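In: How does the following fold in three dimensions:
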Amino acid sequence: MTETSTEKTSEGQWPPAGFRSPEQEQAEKGAGVAPADELDIEDINPLNAHLFAEDRYHRYFERLRNEDPIHFNEIETAGRYWSVTKGDDIKAVEGDWKTFSSASGITLGVPVADRPKGPGGQTSSFIAMDPPEQRAQRKTVTPAVQPKNLQNVEPLIRERTIDVLDSLPEGETFDWVETVSIELTTRMLATLFDFPFEDRRMLARWSDIVFAIPEPGGVIESHEQRQQELMECVHYFSQLWEERRENPGHDLVSMLVHGEATKDMSAMEHLGNLLLLIVGGNDTTRNTMSGSVYGLNTFPEQYDKLIANPDLVRNMVQEIIRWQTPLAYMRRTATRDCEVGGKQIQKDDQLLMWYLSANRDESVFENADSVDIERPNADQHLSFGYGVHRCMGLRLAEMQLRILWEEILDRFERIDVQAEPTRTLSSFVHGYTSLPVTVTRK
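Out: Residues are numbered from 1 along each chain as shown. Have a look, this model is predicted:
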């Protein structure tokens, strides 16, 4: 993209017609990506979404951790970027927000020189900001997930979990993702937003389209479709803004509308924070809920251990969050020339902090590819990030997963996976689109 075309784009809508995201470019190369051991180390690029949809990414990251833990790639749509694959290096990057900024976004994007320079219909959120702005906006909504509020909502989460589990059919195969994981997370999101309960599935839809790769028959078929549906999200929430402006409650919408750092923002500006909260509450929790069932079926001796000793639920929750890692990476952008792990990073280079790789590092987690619900350091995972952007809703996610399994163990002999899951076509959202199971009640 030339500088001239950048300026033109900044006056209109982003992305421009014909735009392909870096992940889309890699996905268009197809599913036939060579096995990691057939590639020279400099030719490895873990960004290809098919590696994740086919569950083939493991060896790629193992080689990078062992041979080139700060790994360079460059592609036309994204420019220069580095894969940071070990935990200590990720903490060093994420812990230095002045050198490694979030302000240019959290996923791999277009080169800095080619990014729009005007508002252009752009949205942002506090996860894509640096302090002090990030702290001010984050502080606006953190009361919703502080311990006192979580204690208040726990009975409601349990009640809704019981309602969903008691409605499950016995003796027939159903999709756990659709029937349980999505349903429970959308019910929780509807509660946090005080969102019309009958429309709660719209929240899941908006979450799904944010990072979806456009493809025929896919979640979305074009960037234009994404923009159109997200504008529907803006219009829907604009009505809620006005309602809560006059009649505020204790929900996230009211907090954003009346918060000192957010009350004067436009509907489009609010969209960034809204989508952050929706995706954070939907994709991460729902994919860990699905991953817990799949993981315990993949390692049935661990399932047996949990059934025999339900007190292991809390540690199992940490272990599953580590093993699943529902968001594979986050991006930072270098604000100056610097060095990471002996590699020379240039100003404006992008760095992908691969949490998913760090959580499978054998030097930190013994037998890291296995589920071990008694793992002593399971809570040392990086699934929720590190530093100023560590996930503010992590305790809520942990509580939802804990309650789910407490109630599962109370009423089911077993949840049995009937076939391999289908996985999300994405190198960012590490999740499942379906998981066929059957349940056996006690």
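
In: buried residues in stretch 363-370?
Out: Applying a neighbour-count criterion of 16 or more other Cβ atoms under 10 Å, one finds 364, 365, 368 buried in stretch 363-370. The C-beta positions use only the backbone N, C-alpha and C, and glycine is treated the same way.

In: How about the last one: what's its closest non-neighbour residue?
Out: Excluding the flanking residues, the one nearest residue 368 by Cβ to Cβ, 6 or more residues apart in numbering is residue 360, at 4.4 Å.

In: How much space separates the one you found from residue 86?
Out: To residue 86, residue 360 is 11 Å away according to Cβ to Cβ, to the nearest Å.

In: ok, now residue 394?
Out: Residue 394 is 22 Å from residue 86, by Cβ to Cβ.

In: and what of residue 356?
Out: For residue 356 relative to residue 86 (Cβ to Cβ), the value is 12 Å.

In: Mind checking which of the two has more residues around it?
Out: Between residue 356 and residue 86, counted using other Cβ atoms under 10 Å, residue 356 has the larger neighbour count: 25 against 21.

In: What is the burial count for residue 376?
Out: Neighbour tally, residue 376, other Cβ under 10 Å: 9.

In: cool, the one 3 residues further on as well?
Out: Applying other Cβ under 10 Å, we find 14 other residues in the vicinity of residue 379.

In: contacting residues around it?
Out: 315, 318 (Cβ atoms under 8 Å, 6 or more residues apart in numbering).

In: Would you confirm that it belongs to a helix?
Out: Yes. With DSSP: H, G, I helix; E, B strand; the rest coil as the criterion, residue 379 is part of a helix.

In: I'd like to know how far it sits from residue 302.
Out: In terms of Cβ to Cβ, residue 379 sits 17 Å off from residue 302.

In: Repeat that for residue 148.
Out: Residue 148 is 34 Å from residue 302, by Cβ to Cβ.

In: Looking only at neighbour counts, state which of the two leads.
Out: residue 302 (21 against 7).

In: chain center to the helix or strand harbouring that one, what's the gap?
Out: Secondary structure assigned from DSSP states H and E places residue 302 in helix 300-308. Computed by Cα atoms, centre = their mean, to the nearest Å, the chain-centroid distance of helix 300-308 equals 28 Å.

In: quick one on the thing from earlier: would you convert the buried residues of stretch 363-370 into JSON lines that also reports distance to residue 196?
Out: Output for those, formatted as JSON lines (distance: Cβ to Cβ, whole Å):
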{"residue": "364", "distance to residue 196": "44"}
{"residue": "365", "distance to residue 196": "42"}
{"residue": "368", "distance to residue 196": "43"}
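
In: Which of these sits closest to residue 410?
Out: Nearest to residue 410 out of these is residue 365 (Cβ to Cβ; 29.7 Å).

In: Go ahead and confirm the closest one touches residue 319.
Out: No. In this structure, residue 365 is not within contact of residue 319 by Cβ atoms under 8 Å, at 9.4 Å.

In: which neighbours do those two share?
Out: residue 375.

In: And the helices in the stretch 251-400 of the chain?
Out: Per DSSP state H, counting those that start in this stretch, the stretch 251-400 of the chain has helices spanning 252-258, 267-298, 300-308, 313-324, 355-358, 394-411. These are given in chain order.

In: now for the third one, which elements pack on it?
Out: Packed against helix 300-308 by the contact rule (3 or more Cβ pairs under 8 Å, 6 or more residues apart in numbering; DSSP states H and E) you find helix 267-298, helix 313-324, helix 394-411.

In: any chance of those in TSV, with mean neighbour count, mean pLDDT and distance to residue 340 too?
Out: Converted to TSV, these look like this (neighbours: other Cβ atoms under 10 Å; pLDDT from 0 to 100; distance: least, Cβ to Cβ, whole Å):
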stretch	mean neighbour count	mean pLDDT	distance to residue 340
helix 267-298	23	85	26
helix 313-324	23	98	23
helix 394-411	19	94	26
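
In: in the protein, which ranges drop under the pLDDT threshold?
Out: Scanning the chain with the threshold set as pLDDT under 70 gives 1-20, 24-25, 27-32, 110-132, 134-146, 267, 389.

In: Need the residue closest to the centroid of it.
Out: residue 327 (3.6 Å; Cα atoms, centre = their mean).

In: partner residues bridging that residue?
Out: Under DSSP bridges, the beta-bridge partners of residue 327 are residue 429.

In: if I pick it, what's in contact with it?
Out: 283, 284, 355, 383, 428, 429, 430.

In: any idea how far the last one lies from residue 155?
Out: According to Cβ to Cβ, residue 430 and residue 155 sit 31 Å apart.

In: between the two, which one's more packed in?
Out: For residue 430 and residue 155, the more surrounded residue by other Cβ under 10 Å is residue 430, and the numbers stand at 25 against 10.

In: Nearest spatial neighbour of the more buried one, chain-adjacent residues omitted?
Out: residue 328 (4.5 Å).

In: who touches that neighbour in this structure?
Out: 52, 354, 355, 356, 427, 428, 429, 430.

In: What segments of this protein are strands?
Out: 70-75, 79-84, 100-101, 174-175, 329-334, 338-340, 343-345, 350-354, 412-417, 422-423, 432-434, 436-441 (DSSP state E).

In: Out of those, indicate the one that is most buried.
Out: strand 350-354 (a mean of 27; mean count of other Cβ atoms under 10 Å).

In: starting at the chain centroid, how far to it?
Out: That offset, for strand 350-354, works out to 14 Å (Cα atoms, centre = their mean).

In: Give the pairing partners of it; include direction for each.
Out: strand 79-84 (parallel), strand 329-334 (antiparallel).

In: Just the C-alphas of the first one, formatted as PDB.
Out: The C-alpha trace of strand 79-84 is given here as PDB (Å, rounded to 0.1, in the frame of the first residue of the first chain):
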ATOM      1  CA  GLY A  79       5.600  -6.400   7.400                       C
ATOM      2  CA  ARG A  80       8.200  -7.400  10.000                       C
ATOM      3  CA  TYR A  81       7.200  -9.400  13.000                       C
ATOM      4  CA  TRP A  82       8.800 -11.600  15.600                       C
ATOM      5  CA  SER A  83       7.400 -14.700  17.300                       C
ATOM      6  CA  VAL A  84       8.200 -14.700  21.000                       C
END
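
In: Can you name the residues in contact with that strand?
Out: 46, 64, 69-74, 90, 93, 108, 110-114, 331, 340-341, 343, 345-346, 348-354, 357.
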